[in-house]
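In: have a look; sequence and predicted model below, questions after that.
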Amino acid sequence: MNFYLNYYREEMNTEGDTEPIGIVLGAYQDKLVMQYALQNITNQVFVSRYQLYLPEREQLEAEFRRFIDGAEAEQSNESKSSDTV
C-alpha cells in the first residue's frame, strides 16, 4: 500500500490535490501480520475495526465521512494549539 500511495502522490497528484489514501480490506484479523505489514511505513495508516462482511454502501460512506470529519477536527485543534504556544 505504501508503494502505491507514494507512487500516486509523486506521479498522479497535481498541485492542490489532497494526499492519497488507501483502504486495506482483509479476510481475517491477524495482529502479527498487521504489525509487520504496517511498521516503518512513511504514510499514516489508521485501523478502525474488523468485520466479517462488507457494509452497505451508505454505511461505508457515513463511516468514511465521520473519519474525515474527525481528522479535520483534530487537525484544526492541532493548528489552534500551535498558535497559542
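Out: Perfect, thanks for sending it.
In: okay, now the unreliable bits of this structure?
Out: For the chain, the stretches flagged by pLDDT under 70 are 24-29, 42-52, 82-85.
In: tell me the domain boundaries of this structure?
Out: The record's domain split for the chain, according to automatic domain parsing, is 1-52, 55-85.
In: how about JSON lines for these, with mean neighbour count added?
Out: C-beta coordinates here come from the backbone N, C-alpha and C atoms, glycine included. Formatted as JSON lines, the domains of the chain follow (neighbours: other CB atoms under 10 Å):
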{"stretch": "domain 1-52", "mean neighbour count": "10"}
{"stretch": "domain 55-85", "mean neighbour count": "10"}
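In: specify the local secondary structure of Gly22.
Out: Using DSSP: H, G, I helix; E, B strand; the rest coil, the structure places Gly22 in coil.
In: separation between the closest residue to it other than its chain neighbours and Ser81?
Out: Nearest non-adjacent residue to Gly22, counting by CB to CB, 6 or more residues apart in numbering: Met1, 4.4 Å away. Applying CB to CB, to the nearest Å, one obtains 30 Å for the distance of Met1 from Ser81.
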